[in-house]
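Engineer: Just the structure for this:
(2 chains)
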Amino acid sequence: MPVYNLEHLDQTNLERAGGKGANLGELIGAGFPVPPAFVVGAEEYAEFILPCEIPANIDWPSHSEALLQAVRQHLFEAPLPETLVLELNRAESELPALSALPALSEAEAHEKVYAVRSSATAEDLAGASFAGQHDTYYYVTREKLPLMLRKCWASLWSDAAFSYREAQGIEHRSVAMAVVIQQMIPSEVSGVTFTADPVTGDDTVIVTEASWGMGAAIVDGRVSPDQFRVNKKTGKREAARIADKKFMVASTIQADEAPRLIPVPANLRRQASLKEAHIRDISSLAMRCEAHFGSAQDIEWAMANDKIYLLQSRPITVKGPAEFETPEGRYILFKPVAENFTDPLMPLTEDLLAPMIPMMKVINGRIYLNFDHVKALVPLKLSDDDLARLAYLSTPAEQNPGLSLPRFLMLMVIIYGNYLAMGVFARRCADMPDDFMASFRKRATMIAEDDTIDPPATFIHLFARFRFFEPVGNMVMLVNLVAPRYMLMLRLLERILVKWAPALPTDTASLLCTGTEGVLSTQMGRDILSLARTAADCDAVRQTVKNESPGQVLALLQPLPAAQDFLKQFHAFIEMHGHRALKEFELSAPRWEEDPAPVIGMIRNYLLIDTPAQPSSNGSVAQQDELMRSFRQAVAALPLERTLGVRQRIVTFITGQIRYYMKLRENSRFYHIMGFYALRKKLLKIEQQLLDQQRLKCRDDIFYLKWPEILDLLGTQGAWENVEETIRQRRMSHIRKTKMVPPRTVGFELADETTTVDGSDLKGQPASPGVVEGIARVIMDPATDNEIRPGEILVAPYTDPAWTPLFLTAQGAVVEVGSYLSHAGTIAREYGMPCVVDAANCTSVIATGDHIRVDGSKGIVTRLDATSIKSAIEVSPS
Amino acid sequence: MIELILVLIGIHFTIVFLAAAYRIIDLWYDFERHWLAVVTKLGAITCLGALTLAILPFEYGYYLVIGIIGYLLIHLGVWLVGRLILLWLQKRTY
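Structural biologist: Model (predicted):
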């Protein structure tokens, strides 16, 4: 019999029904809510393809093309056996209609529609399904069932699947394909649930990812789903991350071959896709699956009318460390760079950026420093462990290391050589007015519009110009390289203060250097606050911003006369800051000029709180005056001080220099981002071209390709095939890499560093001095979760300039990734609020609502309630 | 030893002078506001250099001039090397 009802099958029927079919049969038999389905047996495929006489050995690639063409032609054109067609019709008519489901459309109210799913028979073809077979065709009507059946069979003979079998040494004649035909669920919400964390293997949690519409978008990685974590033991939800869900596979499209993405309605984008009851039901179902199969499961499900349907259940494969590439050599995560790239780079960003960063290497999407090069340059006698910590910008254990004379001499030569090469440039950067880099904006715009400059050359044109009469303001990358000298000056200032005025607080140097005017990032925060005040002053604007979806606000305000002042101010803001974004060094990140909704969201955040926020820099000015007064008193008795004020002049000079170069660093970064946006604009133009030519299907897919692949796609000859499967594979790989915590070192191990002090404290690095106590607010993504109240302490995985407005409201900050130089540290110092950075796992260990103390001078975060926090090591991924 | 120091002083002086001269280009976008400071600084450095050369005995001034000319050549060399690096980067990318 060619067709089997899945009710009569179970896991022992792998050869007949394939892995998917056998599994679904098992689930149905165990009483799980699976949509009715039947399967066309694998033996039908084997019979059907016999006439092709596939040889045992195929000469690949020279003669395979003819064979593939012949097989495909047969699969699509040869008549299907009459018994098969009759059985298909019989099985389809016998499938019960799903009750109480919303109708797809009037025409389809009484018509069943199906998902047609490939189900491979051999276990070693699990990889083949990953390598190019189109798994599922949605919304297939009865009439199209035979065609979709042929397509599933033909997917075994796609170029990608064929090449994969060749590469893996899999005998082509050994593969067979069953096809599952399952009644469609017009799902309102779909998702995937894991009964153990698929990245870390932690089996104490159930992880559910969900989004609107059908599940194909999640499985393919085209949407960022909501994520919910439930404790298995207690059944309580531990964490929820609501994503900005931009796309969905519609549940009301006409039956067709492939899933199609449509935009999610604005009001649903940031709304949680699951209610608590749904999460409980799904978790309960998942636990039943795990108990039934006896191992952790990866479950696909769909929900319609509050009813959950199981679509698939299979064992989890923990990808984890096996996915990490390990190149030759030793590498260390370089924090001043890494903190700007908190997610792994997209393939295209990596491809364009990698050649521009000497001494560094991109490993699994993260930027690492070559450790052996560092070791050759640093003249201190440090163990590899201590040197690695120094390179990572944490404190090495050996506080007074010995000096290696040969390396010291070599370093002096290098430093003097650098002085000869860059001395003029460094002096050109000194004492410049705040707006000296403003000309770079015009340059970036010009290069963005110049179609004769391709994307790889764009970085060079923008960041590596060496023309004799080029103004220094156009060389923003070199300006950025000059700026970090303030770190050395800061160390010098600290030592001077200890020597001349030891009674002053230890964080005096940091406090004296805060509150610089003209820092563009802090100005951006103030501009947003100003916009919020303008919005608050106009009733129509205030109500619209507070109550409407951020994506619709501007369109709603446009026709209102009362809103024109706000709109004018808003457009001026976008003109100045529109090149910024969340994760702005990533080329795929949409900029505020393209999508101003995040800015509206930040303004909305201010309007939702009662007490208007303001930066606390006024307090820091008074504090600085007080400190200088104390310093003058402390040194008054020292030689030459009363008459010439020598020491005061020195401290004032050094403080001024530190502030200037800190500002230079932040401001040069402002212009770097402008350059990245110029490059993004070029890539978007190319993407549009490829979309118009239908060589790409979806927006943002271009960022999963490398530049030579894009050139091939653009070319009229030798067009590169199988682009969709490559994009899919890279997308899934990227998602896995995003979920993994990157190791600090590659190629060698760093001794474990405990990040707790005494069980109730979390240790990080001091970034902005001061001590504050308050309620923690854990925010993972400011675009979707930006409601922080005055007095709360921001706890975040990282920050970049898009987070700046949150600093205006918070009274302290704790950040997982960062350094003293980082955005979090810089902005916290400017706003005069305590900040601890590099507090590993702080977003896991601290929960919203915890009462904590942040000591930004010592780099310690303390939970003030009775329960001591878990060791950060215990919650770290293995 | 004193000769080496004079050469190094000559190098440093040239760096300071060139940076001051470049200010004309660097501040050209708003030269009306900054011209006085730029011209004053450049003039002061030039006068200081000229005065130093005038005061120093010839055998010492000679080393100062070596430092000045030497650094000018280094500076030109840096630009040339910079261009070569640019070409190398362009080849290293696509």
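Engineer: Is residue A:213 in a helix, a strand, or coil?
Structural biologist: strand (DSSP: H, G, I helix; E, B strand; the rest coil).
Engineer: Contact partners for it?
Structural biologist: By CB atoms under 8 Å, 6 or more residues apart in numbering or on different chains, the contact list for residue A:213 reads A:187-190, A:248-251, A:262, A:264. C-betas here are computed from N, CA, C, even on glycine.
Engineer: Now the two most distant members of those.
Structural biologist: Farthest pair in the contacts of residue A:213 (CB to CB) is A:189 and A:262. Separation: 15.2 Å.
Engineer: Which one's more surrounded, these two?
Structural biologist: Under the criterion of other CB atoms under 10 Å in any protein chain shown, the comparison of residue A:189 against residue A:262 puts residue A:189 first, with 26 against 14.
Engineer: tell me the contacts of the more buried one?
Structural biologist: By CB under 8 Å, 6+ apart, the residues touching residue A:189 are A:210-213, A:273-274, A:278, A:302-303.
Engineer: hmm, 6 Å instead?
Structural biologist: A:210, A:273, A:303 (CB atoms under 6 Å, 6 or more residues apart in numbering or on different chains).
Engineer: wait, residue A:379 sits on residue A:409?
Structural biologist: No. When contacts are counted by CB atoms under 6 Å, residue A:379 is not listed as touching residue A:409 (8.1 Å).
Engineer: who's more crowded, these two?
Structural biologist: Higher neighbour count among residue A:379 and residue A:409: residue A:379, with 18 against 11, using other CB under 10 Å.
Engineer: what are the phi and psi values for that one?
Structural biologist: Dihedral pair for residue A:379: phi -90, psi 10, per degrees, to the nearest 10.
Engineer: same thing with residue A:331?
Structural biologist: Note on residue A:331: backbone dihedrals following degrees, to the nearest 10 are phi -140, psi 150.
Engineer: Mind checking what secondary structure the nearest residue to it once chain neighbours are set aside has?
Structural biologist: If the residues on either side of it in the chain are set aside, residue A:331 comes closest to residue A:368, at 3.7 Å by CB to CB, 6 or more residues apart in numbering or on different chains. What three-state DSSP gives for residue A:368 is strand.
Engineer: Can you get me a residue count around residue A:368?
Structural biologist: Residue A:368 is flanked by 25 other residues according to other CB under 10 Å.
Engineer: Look at it and report its pLDDT.
Structural biologist: The per-residue pLDDT reported for residue A:368 equals 89.
Engineer: Residue A:239 too?
Structural biologist: Model confidence at residue A:239 (pLDDT) stands at 79.
Engineer: Keep only those of the contacts of residue A:213 that are in strands.
Structural biologist: If you go by DSSP state E, the contacts of residue A:213 have A:189-190, A:248-249, A:262 in strands.
Engineer: hang on, the earlier thing: are any of the contacts of residue A:189 buried, and if so which?
Structural biologist: With burial judged by 16 or more other CB atoms under 10 Å in any protein chain shown, the buried subset of the contacts of residue A:189 is A:210, A:273, A:303.
Engineer: show me the contacts for the residue nearest to residue A:331.
Structural biologist: Residue A:368 makes contacts with A:331, A:333, A:361, as judged by CB under 6 Å, 6+ apart.
Engineer: so which of those residues comes closest to chain B?
Structural biologist: residue A:361 (14.1 Å; CB to the nearest CB).
Engineer: Just the buried ones from the contacts of residue A:213, in ChimeraX syntax?
Structural biologist: A single ChimeraX command selects the buried members of the contacts of residue A:213 (16+ other CB under 10 Å):
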select /A:187,188,189,190,248,249,250,251,264
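Engineer: Quick one: mean pLDDT over the top helix by length along chain B.
Structural biologist: In chain B, with assignment by DSSP state H, the single longest helix is helix B:58-92. Helix B:58-92 shows a mean pLDDT of 87.
Engineer: Centre of the chain to that helix, how far?
Structural biologist: 10 Å (CA atoms, centre = their mean, to the nearest Å).
Engineer: So it, near chain A or not?
Structural biologist: Yes. Contact between helix B:58-92 and chain A is present through B:74, B:78, B:82-83, B:86, B:89-90, B:92 (criterion: CB under 6 Å from any CB of the partner chain).
Engineer: from these, which is closest to chain A?
Structural biologist: Chain A lies nearest to residue B:82 out of the residues of helix B:58-92 next to chain A, by CB to the nearest CB, at 3.5 Å.
Engineer: Can you give me the distance of the closest one to residue A:96?
Structural biologist: Relative to residue A:96, residue B:82 is positioned 75 Å away (CB to CB, to the nearest Å).
Engineer: what's near enough to touch the nearest residue to residue A:345 once chain neighbours are set aside?
Structural biologist: Excluding its sequence neighbours, the residue lying closest to residue A:345 (CB to CB, 6+ apart) is residue A:365, at 4.7 Å. Listed by CB under 6 Å, 6+ apart, the contact set of residue A:365 reads A:344-345, A:737.
Engineer: change it to 10 Å
Structural biologist: Contacts for residue A:365 (CB atoms under 10 Å, 6 or more residues apart in numbering or on different chains) come out as A:341, A:343-347, A:349-350, A:733-734, A:737-738, A:740, A:742.
Engineer: what's the answer for residue A:563, then?
Structural biologist: Applying CB under 10 Å, 6+ apart, the residues contacting residue A:563 are A:534-535, A:538, A:540-541, A:544-545, A:553-554, A:556-557, A:570.
Engineer: If we go by neighbour counts, what in stretch A:456-473 is buried?
Structural biologist: Here stretch A:456-473 shows A:456-466, A:471-473 as buried, counting by 16+ other CB under 10 Å.
Engineer: Please produce CSV containing these, extended by distance to residue B:27.
Structural biologist: What follows is these, written out as CSV (distance: CB to CB, whole Å):
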residue, distance to residue B:27
A:456, 33
A:457, 29
A:458, 27
A:459, 27
A:460, 26
A:461, 23
A:462, 22
A:463, 22
A:464, 23
A:465, 18
A:466, 20
A:471, 8
A:472, 9
A:473, 9
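Engineer: Of those, which belong to helices?
Structural biologist: Using DSSP H, A:456-463 are the members of these that sit in helices.
Engineer: filter those residues down to the ones near chain B?
Structural biologist: Among these, proximity to chain B is found for A:456-461, A:463 (CB under 10 Å from any CB of the partner chain).
Engineer: Backbone dihedrals for residue A:741, please?
Structural biologist: Here is the backbone geometry of residue A:741 (degrees, to the nearest 10): phi -80, psi 120.
Engineer: Can you verify residue A:593 is assigned to a strand?
Structural biologist: No. Going by three-state DSSP, the assignment for residue A:593 is coil, not a strand.
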